[in-house]
Every structure is written in structure tokens, then in C-alpha cells.
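> here are the coordinates; sequence isn't available:
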């Protein structure tokens, strides 16, 4: 922690999060969230996903606006490349989860961030998804995330910041640990 | 499979994918892909992810255009809600992967799709990410995907179509099975 004349401001209201933790520990049913997305096929491998509302704090919540993100396959897969691939979208989810966490943890530790940039790489043997080799998994064989961070902190403090964000990251957990997914047709 | 006067066209070039499978089975090094994303912190929990290029078929590939998707936390987390949450982005990745797969498998099975819609729900106890209960995981406790599909096929054929897409889905694999993620600071 560095003492500065200007209060640290990373744009995160840490007090509200700490208050929420206290309040929800005493009312654990309000901590049960359900996140939602819908998806509509457009043509070929091109589809559009929409996020509007979610359930949490005991009731229905609505985003400030509706978010729609397209996905597609690239031209090397004989597709039209109208959006990032679904696996690139997952990398975006991981990156944004870790970066948001870094900002929140930095605020809590009174570290002023100046710039946070991440680059992500996910390796995949596409013989899996093509059905060319039953021994090859469909997903990533591994993911590497590298951060470049300019902050009012020592290299060790920055390392610890990123480690704490990883420890509390929802998407890091989703990718590194198994989650049950049921797929049904109405 | 239904015989119709009009050829089935879901906009997927299945022959190219089958040819790729044959070619890549004989040249497995070309099947090694690396997908990439970068991410930049904007303010608070708001960040912007960018997808531009990837490595595959033995060389660098570029998307037809650059895709940038924002992420943020909602107002109930005292954030500005400038984008979907990272976990909602993961749901979008899952949805688009399964839907693209349904179109490809349908084309291969000569099933004409008319409409494909998915709704996804992911449950989460946010005491995990808030650090309020060490026994609670950060990620989803479970995800449900429901499809409504209008296609030139029987209900059993549609069920089988969705099951085959799930079997070949990269993101379904990423979420249901563990993947190693390393996070480093430069």
C-alpha cells in the first residue's frame, strides 16, 4: 500500500461490495443468482446472443440496456466470419472477469491502477471438434493469460493483486473446474 | 432425413468441413490452433476485449474484421453496467457454440432448419465471488440450456441433432471439463 495525497480511485465502489458481503452472509438466499442469455440462429454458424435480465437479491433484475453479441466461425472453416468464434468469446469472458477483479482488489488494497492490459491464448487441436480423432478433446488443451499492469505498487504487490483476482474469479473457476450443463429440447 | 424438392441449405458448407477433417487427419500439425483475445481495463469493472487474429492451418490467420466486446458488472454490484457480466459472456459462448453445431450437424444430416432458439440459465451463489463463504465455489453451480427448434425433422431427429452438437462442442467441453489456465504478470 502506498500513501498518496490523492485518494485511490479505480472506479470501484469497494465499500458497497464489502457491505453486500456482510448483508448477504446474513441473508444467504439473496445471494442466489441466476444469470441468463438467449441465442438465435441467423444462418450457417452465425448466431446472435442476447443478455437482458437476471435473477438476484431475491428478485428479477434488468440490465441498464440489452446486450447482443454475435458469434460465427471464420473463413478458414468455410464460414462467413460475422463474429468471433464461441471459444474466443469464452476467452473474452475470462479476460474481463480477471480484469474486473484486479480493479476491485486494487481498490480494496488502495493501489491506484493506471493501465491494465491482458493478452490471452488458448490452444486447441481442432481434430477434436471435427470428429477426426476421438482421443482429442473438443476444448482448449490449455490457456495462458499475461498481464501488463502499470500501477502505483511494487511488482510483488501487483503479482499478489492478480493472484487474488484469480482466486475470486467466477470465469476462472468455470474454466478450470467442471460444471454440470444440461441441454434439453422443448 | 426427409426427401424434399429443394436441397437442404442451412448456410453451412459441410463438404468443406468433411474435406478439412480428411486433410487434417493426414496433417495433424495443421490442426493445432491458438485462439487469442486481448483485454483492456477502462474504469471500475468495465473492460473491453478484442479479437483480431489466431493461429491455425500452420500460419497466422486474421478475422475479416476486428471484434470488440465490452464487459462490466451490473448496478446491483455498484457498477455502471456498461456491458454484460463476464459469466453472461460465457453463457453466450456456450449458446453460440451449440447453435453453430446444430446448423452444421443438421446440414450434414440433410435436415432443413427454419428456426433455432436457445435460452440459458446459470445458477451462482455470489457469496463465492464475494469471499463470504469459503465453501461456495466462484463459478456456476449448474447451467441449463433449452432449445426451441423448428425444422424439417421428427422430434427424435431434432433431439439427436442437439445431442450430436453437444458431443462436438468446444465450449460445452470447456465448461464441463477442467482446463489448465496459467495467469502471469509481465
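All right, it came through fine. Everything numeric in this text was worked out from a predicted model, so none of it was measured.

> check contacts around residue A:111.
By Cβ atoms under 8 Å, 6 or more residues apart in numbering or on different chains, the contact list for residue A:111 reads A:1, A:2, A:8, A:10, A:151, A:152, A:153, A:157, A:158, A:161. The C-beta positions use only the backbone N, C-alpha and C, and glycine is treated the same way.

> Select the helix or strand of chain A having the lowest average pLDDT value.
helix A:14-26 (a mean of 92; mean pLDDT, DSSP states H and E).

> Is any residue of that one near chain B?
Yes: Helix A:14-26 comes into contact with chain B (Cβ under 8 Å from any Cβ of the partner chain), by way of A:16, A:17, A:20, A:21, A:24, A:25.

> could the residues you listed be laid out in JSON lines, adding neighbour count?
Converted to JSON lines, those look like this (neighbours: other Cβ atoms under 10 Å in any protein chain shown):
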{"residue": "A:16", "neighbour count": "13"}
{"residue": "A:17", "neighbour count": "21"}
{"residue": "A:20", "neighbour count": "21"}
{"residue": "A:21", "neighbour count": "18"}
{"residue": "A:24", "neighbour count": "21"}
{"residue": "A:25", "neighbour count": "14"}
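
> Nearest to chain B among these?
residue A:16 (3.5 Å; Cβ to the nearest Cβ).

> Look up how far residue A:103 lies from the spatially closest residue to that closest one that is not a sequence neighbour.
Of all residues not flanking residue A:16 in the chain, residue B:78 sits nearest, at 3.5 Å (Cβ to Cβ, 6 or more residues apart in numbering or on different chains). In this view, residue B:78 and residue A:103 are 12 Å apart by Cβ to Cβ, to the nearest Å.

> again, but for residue A:136
37 Å.

> which one of these two has more residues nearby?
Remark: of residue A:136 and residue A:103, residue A:103 carries more neighbours, 27 against 17, as counted by other Cβ atoms under 10 Å in any protein chain shown.

> Need the residues of helix A:14-26 next to chain B in TSV (columns: distance to residue A:178).
TSV is the format used below for the residues of helix A:14-26 next to chain B (distance: Cβ to Cβ, whole Å):
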residue	distance to residue A:178
A:16	32
A:17	28
A:20	28
A:21	26
A:24	26
A:25	27
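
> What is the nearest of those to residue B:181?
If you rank the residues of helix A:14-26 next to chain B by distance to residue B:181 using Cβ to Cβ, residue A:17 comes first, at 24.0 Å.

> thought the closest one was touching residue B:73?
No: assessed by Cβ atoms under 8 Å, residue A:17 is found out of contact with residue B:73, at 9.4 Å.

> returning to what we had before: quick check, the residue nearest to residue A:16 in contact with residue A:17.
Yes: using Cβ under 8 Å, residue B:78 is in contact with residue A:17, at 6.5 Å.

> how about the strands in chain A?
Taking DSSP state E as the test, the strands found in chain A are A:32-43, A:46-56, A:59-71, A:113-125, A:142-151, A:181-185.

> what's the angle from the shortest one to strand B:113-125?
When you say that, I think you mean strand A:181-185. Orientation of strand A:181-185 against strand B:113-125 (axes from the mean of the first three to the mean of the last three Cα atoms, to 10 degrees) gives an angle of 150 degrees.

> cool, the fourth one as well?
Taking the same axes, to 10 degrees, strand A:113-125 and strand B:113-125 form an angle of 130 degrees between their directions.

> so where is chain A shaky, pLDDT-wise?
Residues of chain A meeting the criterion pLDDT under 70: A:1-5.

> sorry, back to before: find residues that contact each of residue B:78 and residue A:103.
Common neighbours of residue B:78 and residue A:103 (Cβ under 8 Å, 6+ apart) are residue A:12.

> neighbours of the closest residue to residue A:186 other than its chain neighbours, just the number please.
Residue nearest to residue A:186 in three dimensions, not counting chain neighbours: residue B:148, with 5.0 Å by Cβ to Cβ, 6+ apart. Counted by other Cβ under 10 Å, the residues lying close to residue B:148 total 12.

> now do residue A:92
So residue A:92, with other Cβ under 10 Å, has 32 neighbours.

> State the distance from it to residue B:51.
7 Å.

> what touches both of those two?
Joint contacts of residue A:92 and residue B:51 (Cβ under 8 Å, 6+ apart) are A:84, B:37, B:69.

> Could I get the contacting residues of the closest residue to the second one other than its chain neighbours?
The reference is to residue B:37. In this structure, residue B:37 finds its nearest non-sequential neighbour in residue A:91, 3.9 Å apart by Cβ to Cβ, 6+ apart. Neighbour list for residue A:91: A:120, A:122, A:143, B:35, B:36, B:37, B:49, B:51 [criterion: Cβ under 8 Å, 6+ apart].
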